[in-house]
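# structure for this input, please:
(2 chains)
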Amino acid sequence: MSDKSKGLSKAREIYLDSSRRPRELKAAGKKIIGYPCVYVPLEMLTALDLVPYQTCADIKEPVTEADRALPHSFCPIMRNCLDCALKGKNDFLDGMITIHSCDPQEKTARVWESYTHYPYFHFIDMPITVRPEALEYFKGQLNDFRKTLETFTGKKSSTDKLEAAIKSHNQQRALVRELYELTKSSPPLISGTEIVQVVKALTSLPVVEGNDLLTEVISEVKNRTAGPEKKSARLLIWSSILDDTDIMQVFETKANVVMNESCGGIRAYRAGVKFTADPLEGLADYYLNEITCARTFRQATLGETRKDYARDLQSRFGYLKGIIKEWTINGVIMLLVRYCDPFAFEIPSLKDYFESLGVPSTYIEYDYTTGALAPLRTRVEAFVETISQ
Amino acid sequence: MYFAGVDIGSTMTKVVLLDKAGNSLSFIKGPTGPEHRQLANQVMQQALEQASLQIDDISYIVATGYGRLNVPFADRQITELSCHARGVSILFPNTRTAIDIGGQDAKCMRIDNGRLVNFVMNDKCAAGTGRFLEVTAAALDIKLEDMGDTSLKATKKIQISNLCTIFAQQEVVALISRGEKLENIVAGLHDALASRVAALARRLGIEPDLVLTGGVAKNTGMVKAMKESLGCELFVPEEPLLTGALGAAILAKETYLKAVAQGEALPTKSRRLEKATFFS
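This is a model prediction of the structure:
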């Protein structure tokens, strides 16, 4: 990237060439650790001066190599992500952390280990419920994770270092929330597409550099005169991951996407890690309880979905109510990537919840290929037409 | 004052020209093909010639269909879902549900007061679309347009278990080699397609009046199979391919007259009939 670029243009450059900065850092002696999912506690890497790098899929890349290792009818994002790795796109990595966030993540954990040759590997077994016992178990998992990291780096992961890392990452979360404050106005001051570039850039930068970038972007956006145009709808996109500008453009041709509730948007940044005597306690609590991915089983009262459906919906999706009100959202698109079972199973209840809030919603399924974008565009535009007549 | 709707579907391109009163002056259908998607200008030219009009006479043009972005002279793009809903409602004012089965997709639309309120579409693959009949007709070596009448001669029900277009083709070959009668197989294929589309419509909720459009609605066997699958009466327009283009022309007229009534200037595109180029 050119040294002169700042703020949004810098974010775009990093978005378009996400491995450039990690490669530079590697050349300067840093160790780069890959992770495929936002459930990996990045604070634990930052505390040991390791640079986290999210290995991601590229919709423009036809999957060829991953077919050696994975079936066709399988999460296209994981297939694509692994395909990129097998083609050597992540060959600068010093390690890889996999996690049982969803089944495709767990099933590919072994594949990553068998087919790639990074010096460090670790698998975190993440529980699927938010019961107190699950939290205890997860804490134990993070303790094991700490030990393998210490062995790999030969350094001690002290409480002080962890707390400092938590502080920096919490600052990043606060800055992303501040960025999303800028989409509350009409028209929004920043487009959903620009935010995708910024958030994606964060996943390939050390946390401090990411925070500097966010500060620059926020100041630039607040002071610029030419922002996004006002479109005929203000959308919330709910999805597993939406981190690609080509896909986001499909929505933003006819609408303003003011909230992206996915792993390419606000999901990993919506709350902050609490400071606890043992930092791993706060981390376990945050990653298990605060990240609202469909992979986690939540119920208002355990074993009692039928007892009070409205209360159950509220406990599972209640956080979306505030978002819809504060961002004056007039349409929701539940964007489902084909074969993503955890998100597919949420849709009927989530649709009921949006109905109870009186906000129009639709769900659209697509497979993760550029060929799927034309049919996706028709569905998105037709939905926008129904809510903006 | 004249208005045009241009519907560039995956298989057919349709143009409808209307006058201010909403009378249809001309309509043209032609195959879309790989080249035609760039040649919407030629189909438009034919429609203008038929109506003895010049392109400059057209006050407002709406393009729709998969190729709607490839119409450089169109003033506005509206999806085929909104256009079909509008077009169907002009022909059948009491429509609450419309099903359109085209060459590459099937759509079910819920309509209130002539406007689209909700919809579902088939997934990306060809199951549940006109292509299903096209491909299986080829496997049976009969003409697509003869499929419907052939199915009406069936003497027994045959279950085609596979809804995938490619596998259904294999199943058809297996049925032929077993000595099954052609008309029974063809009827089975119609039932399979109808049940697939009916399931899609039920996801949306079916309310009368129900209208069937799209190229597949020209197939009498399919209309019968759809009635059986849905368990209710359905209406079919005289020209079931044209509802999208008709709706586009109606929406062009409404957009234009509304802007005039409100004294707003409506931006329009250059009226030169030219070929669409990529990156334009």
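# count the neighbours of the nearest residue to B:I8 once chain neighbours are set aside for me.
In space, and not counting its chain neighbours, B:I8 is closest to B:G67: 2.9 Å by C-beta to C-beta, 6 or more residues apart in numbering or on different chains. Any C-beta I mention is one placed from the backbone N, CA and C, and that applies to glycine too. A count of neighbours around B:G67, defined by other C-beta atoms under 10 Å in any protein chain shown, yields 21.
# where does the prediction get shaky in the stretch 101-250 of chain B?
B:124 (pLDDT under 70).
# for the chain, which residue is closest to the average position?
Picked chain A for this. Closest to where the C-alpha atoms of chain A average out (C-alpha atoms, centre = their mean) is A:C263, at 2.0 Å.
# the chain in question should be chain B.
Short answer for chain B (C-alpha atoms, centre = their mean): B:G214, at 3.3 Å.
# returning to that earlier point: tell me how far the residue nearest to the centre of chain A lies from A:G154.
A:C263 sits 32 Å away from A:G154, going by C-beta to C-beta, to the nearest Å.
# same deal with A:S240?
Counting by C-beta to C-beta, the gap from A:S240 to A:G154 is 37 Å.
# stretch B:206-225 and chain A, are they touching?
No - Stretch B:206-225 is not in contact with chain A by C-beta under 8 Å from any C-beta of the partner chain; minimum separation 14.7 Å.
# show me which residues of chain A sit near chain B.
Within reach of chain B by C-beta under 8 Å from any C-beta, chain A has these residues: A:362, A:365-367, A:371-372, A:374-375, A:378-379, A:381-383, A:385-386, A:389.
# which among those gets closest to A:E346?
Minimum distance to A:E346 across the residues of chain A next to chain B is 13.2 Å, recorded for A:E365 (C-beta to C-beta).
# I figured that closest one was touching A:R338, is that so?
Yes - counting by C-beta atoms under 8 Å, A:E365 does reach A:R338; the two are 5.8 Å apart.
# centre of the chain to stretch A:76-89, how far?
Put simply, stretch A:76-89 sits 17 Å off its chain's centre (C-alpha atoms, centre = their mean, to the nearest Å).
# can you list contacts of it?
Here stretch A:76-89 makes contact (C-beta atoms under 8 Å, 6 or more residues apart in numbering or on different chains) with A:19, A:34, A:36, A:55-59, A:61, A:63-70, A:90, A:104-105, A:108, A:111-112, A:115-116, A:240-241, A:337-340, A:367-369.
# so among those residues, which ones count as buried?
Neighbour-count burial (16 or more other C-beta atoms under 10 Å in any protein chain shown) applied to the contacts of stretch A:76-89 gives A:19, A:34, A:36, A:55-57, A:59, A:61, A:63, A:65-66, A:69-70, A:90, A:104-105, A:108, A:111-112, A:116, A:240-241, A:337-340, A:368-369.
# next step: the residues you listed restricted to strands.
Among the buried ones among the contacts of stretch A:76-89, the ones falling in strands (DSSP state E) are A:34, A:337.
# what residue spans form the domains of chain A?
As given by automatic domain parsing, the domain ranges for chain A are A:7-158, A:163-387.
# may I see the ones you listed organised as CSV, with mean pLDDT added?
Listed next are those as CSV, based on pLDDT from 0 to 100:
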stretch, mean pLDDT
domain A:7-158, 95
domain A:163-387, 95
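# quick check, pLDDT for A:M1.
For A:M1, the pLDDT comes out at 47.
# tell me who's in contact with whatever residue of chain A ends up closest to chain B.
Residue of chain A nearest chain B, by C-beta to the nearest C-beta: A:A382 (3.8 Å). Contact analysis of A:A382 by C-beta under 8 Å, 6+ apart lists B:79-82, B:116, B:119.
# from those residues, which single one is nearest A:T305?
Comparing the contacts of A:A382 against A:T305 with C-beta to C-beta places B:F119 closest, at 29.5 Å.
# for A:I347, see how far away that closest one is.
Relative to A:I347, B:F119 is positioned 16 Å away (C-beta to C-beta).
# now do A:D94
On the measure of C-beta to C-beta, A:D94 and A:I347 end up 39 Å apart.
# out of the two, which sits in the busier spot?
When neighbours are counted by other C-beta under 10 Å, A:D94 comes out ahead of the other of A:D94 and A:I347, with 19 against 16.
# and the nearest residue to that one once chain neighbours are set aside, how many neighbours?
The shortest distance from A:D94 to any non-neighbouring residue, by C-beta to C-beta, 6+ apart, is to A:K31 (4.2 Å). Using other C-beta under 10 Å, A:K31 has 18 other residues around it.
# same deal with B:E233?
9.
# assign a three-state SS to it, would you?
Judged by DSSP: H, G, I helix; E, B strand; the rest coil, the three-state class of B:E233 is coil.
# quick one, what contacts it?
Contact analysis of B:E233 by C-beta under 8 Å, 6+ apart lists B:208, B:210, B:227.
# how about the residues you listed in CSV, adding secondary structure and neighbour count?
Output for those, formatted as CSV (DSSP: H, G, I helix; E, B strand; the rest coil; neighbours: other C-beta atoms under 10 Å in any protein chain shown):
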residue, secondary structure, neighbour count
B:P208, coil, 13
B:L210, strand, 22
B:K227, helix, 16
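# find the residue closest to B:K218 in space, skipping its chain neighbours.
B:P240 (5.9 Å).
# got it, and A:K321?
Spatial nearest neighbour of A:K321, excluding adjacent residues (C-beta to C-beta, 6+ apart): A:L357 at 6.1 Å.
# contact partners of the one helix or strand A:V51 maps to?
A:V51 is part of strand A:50-54 when elements are defined by DSSP states H and E. Under the contact criterion C-beta under 8 Å, 6+ apart, strand A:50-54 has outside partners A:18-19, A:22, A:25, A:30-36, A:38, A:40, A:42, A:45-46, A:90, A:93-95, A:149, A:153, A:203-204, A:206.
# and of the contacts of B:E233, the nearest to B:Q46?
Of all the contacts of B:E233, the one with the least separation from B:Q46 (C-beta to C-beta) is B:L210, at 32.7 Å.
# what bridges to the closest one?
Going by DSSP bridges, B:L210 is paired in beta bridges with B:T97.
# contacting residues for A:D312?
Listed by C-beta under 8 Å, 6+ apart, the contact set of A:D312 reads A:299-301, A:304-305, A:349.
# and the two most separated of those residues?
By the measure C-beta to C-beta, A:T301 and A:S349 form the most distant pair in those, at 15.3 Å.
# these two: which has the busier surroundings?
Neighbour totals were compared for A:T301 and A:S349, and A:S349 leads with 15 against 11 (other C-beta under 10 Å).
# just to revisit the earlier point, okay, and the beta partners of the residue nearest to A:D94?
Counting by DSSP bridges, the residues bridging with A:K31 are A:L50.
# these two touch, right, it and A:L93?
No - if you go by C-beta under 8 Å, A:K31 and A:L93 don't touch, sitting 9.0 Å apart.
# Three-state assignment for A:F92, please.
Applying three-state DSSP: A:F92 is coil.
# how many other residues sit next to B:K156?
10.
# what helix or strand is the closest residue to it other than its chain neighbours on?
Spatial nearest neighbour of B:K156, chain neighbours left out: B:N184 (5.5 Å); criterion: C-beta to C-beta, 6+ apart. If you go by DSSP H and E, B:N184 is part of helix B:182-204.
# for B:I61, same thing?
Element membership for B:I61, per DSSP H and E: strand B:58-64.
# one more: A:H122?
Per DSSP H and E: strand A:120-124 holds A:H122.
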